[in-house]
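Visitor: What would the 3D arrangement of this be:
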Amino acid sequence: MEKYQEIERTIIKKYRKELWSRFIKAVRDYKLINESDKVMVCISGGKDSFLLAKCIQELKKHGKVEFEAKYVVMDPGYSKNHLDKILYNAKLLNINIEIFKSDIFEVAEKLNSEHPCYLCARMRRGCLYNKAQELGCNKIALGHHFDDVIETILLSIFYGAEIKTMLPKLHSENFEGLELIRPLYLVKEEDIISWRNYNNLEFINCACKFTENIEKNDETSKRKEIKNLIKTLKKTNKNIDYNIFKSVDNINLDCVLGYLKDKEKYTFLDKY
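Guide: You can find the predicted model right below:
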C-alpha cells in the first residue's frame, strides 16, 4: 500500500468519528456540495487545507453525488522553501495541484506596510474568485474548521461589539454565481493535529512573509488570546466550545436588545 493510501485509510478508519463523519455531516446538513458542482479546493500549504483536499478526494470516490474538483494553490509571493514544501506534500498525498502566481504580498506591503493583513486577505479572496471563474467553478472550498468558527464568535463579541459567526457557506457579493463553502466546519483542530501527527506529516504553519519572524506562540495575537481563553474555560467545562458554537444557532430574538437584518437596525422596543 502506498503512503498516500495509508493516510487516506486513517481518515476513513482510524479518525472516522473525528474527521470523516464530521466532514460528511457538514456537507450533508449545510448542503455544501450538490450534483454537478465544480469545486475549487484552495490549498494554502497548511494542515487544514491539505486535509480538506483529501476529504474532497474521498468524497468523490465514495460519495453518491457526482461533482468535479480542482485543487489550487495561490502563490502570493511565498519563499522557495514554502513552495517546495507544498509541492512535496502534494506529491506525498497524491493531490494533483495547480499553482498560480500573484503579487499580493508585494502590493499589500507597498500600500500598507504597517498593517498589510486586512488588505492582503481581501486581495487573496478576490484572486481566488477570479481563478474559480477562470476554471469554470461555481464553488470555492476553504479549510476553516470548528475552532475557527467559535474563535470568530468570541472575537466578534469582545472586539467587534456584535454577535456573528463564520457561516458554513455564503454567496459572493461581487462574483455572480460563485459560492464559498467550508466543509471542515464541524471538524475540531485538535483532531486535525492528531491526524497530522499520527501520519508523521509536516505542513507549513504560516507562509505569510509579514509574520515569518514572529514567534509561533505570539501572545499578542487576538485569535491566540481567544484560543487560550477557550482552552482555560474547557478545564472547568468540557463542553464550552460546543456551547459557544450552539449559541449562534439558538439566538432568542425575544431576549436581545437589538439586531441587524439586511443592514437595517431593529430593537426590542419595535414590538414591545
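Visitor: how much space between L167 and E189?
Guide: Going from L167 to E189 by C-beta to C-beta, to the nearest Å gives 18 Å. C-beta coordinates here come from the backbone N, C-alpha and C atoms, glycine included.
Visitor: Work out for me the element V149 sits within.
Guide: For V149, the enclosing helix or strand under DSSP states H and E is helix 146-160.
Visitor: For the chain, just list every one of the helices.
Guide: Under the criterion DSSP state H, helices of the chain are mapped to 3-9, 21-29, 47-62, 80-92, 104-111, 117-135, 146-160, 189-198, 222-233, 240-247.
Visitor: which of these sits most buried?
Guide: helix 47-62 (a mean of 21; mean count of other C-beta atoms under 10 Å).
Visitor: tell me the mean pLDDT for it?
Guide: Mean per-residue pLDDT for helix 47-62: 97.
Visitor: what about that helix, distance to the chain center?
Guide: 13 Å (C-alpha atoms, centre = their mean, to the nearest Å).
Visitor: what's the answer for stretch 182-194, then?
Guide: Mean-position distance between stretch 182-194 and its chain equals 9 Å (C-alpha atoms, centre = their mean).
Visitor: Touching that stretch from outside, list them.
Guide: 15, 18-19, 22-23, 25-27, 30, 32-33, 47-48, 51-52, 55-56, 141-149, 166-169, 241 (C-beta atoms under 8 Å, 6 or more residues apart in numbering).
Visitor: again, 7 Å this time
Guide: Stretch 182-194 is contacted from outside by 15, 18-19, 22-23, 25-27, 30, 32, 47-48, 51-52, 55, 141-147, 149, 168-169, using C-beta atoms under 7 Å, 6 or more residues apart in numbering.
Visitor: first to last residue in that stretch, what's the distance?
Guide: 20 Å (C-alpha to C-alpha, to the nearest Å).
Visitor: for stretch 59-72, same thing?
Guide: 17 Å.
Visitor: Next: stretch 163-180.
Guide: 21 Å.
Visitor: Do you know the pLDDT at D147?
Guide: At D147, pLDDT is 97.
Visitor: And for R196, nearest residue in space, chain neighbours not counted?
Guide: K47 (4.9 Å; C-beta to C-beta, 6 or more residues apart in numbering).
Visitor: correct me, but the one you found touches Y198?
Guide: No: using C-beta atoms under 7 Å, K47 is not in contact with Y198, being 12.0 Å away.
Visitor: And the contacts of the helix holding V149?
Guide: So helix 146-160 is contacted by 162-166, 185-189, 222-223, 226-227, 230, 241, 244-245, 248 (C-beta under 7 Å, 6+ apart).
Visitor: One more pass at 6 Å, please.
Guide: Helix 146-160 has contacts (C-beta atoms under 6 Å, 6 or more residues apart in numbering) with 162, 164-166, 186-189, 223, 226, 241, 244-245, 248.
Visitor: Out of the residues you listed, which two sit at the greatest distance?
Guide: Based on C-beta to C-beta, the longest span within the contacts of helix 146-160 runs between E162 and V187 and measures 25.8 Å.
Visitor: hang on, the earlier thing: among the helices of the chain, which comes closest to V41?
Guide: So among those, helix 47-62 is nearest, using C-beta to C-beta, at 5.2 Å.
Visitor: Just want the angle from the closest one to helix 80-92.
Guide: Counting by axes from the mean of the first three to the mean of the last three C-alpha atoms, to 10 degrees, helix 47-62 lies at 20 degrees to helix 80-92.
Visitor: Show me what helix 47-62 is packed up against.
Guide: Helices and strands touching helix 47-62, by 3 or more C-beta pairs under 6 Å, 6 or more residues apart in numbering; DSSP states H and E, are helix 189-198.
Visitor: ok now the helix it packs on, how far from the chain's centre?
Guide: Relative to the chain's own centre, helix 189-198 is displaced by 15 Å; criterion: C-alpha atoms, centre = their mean.
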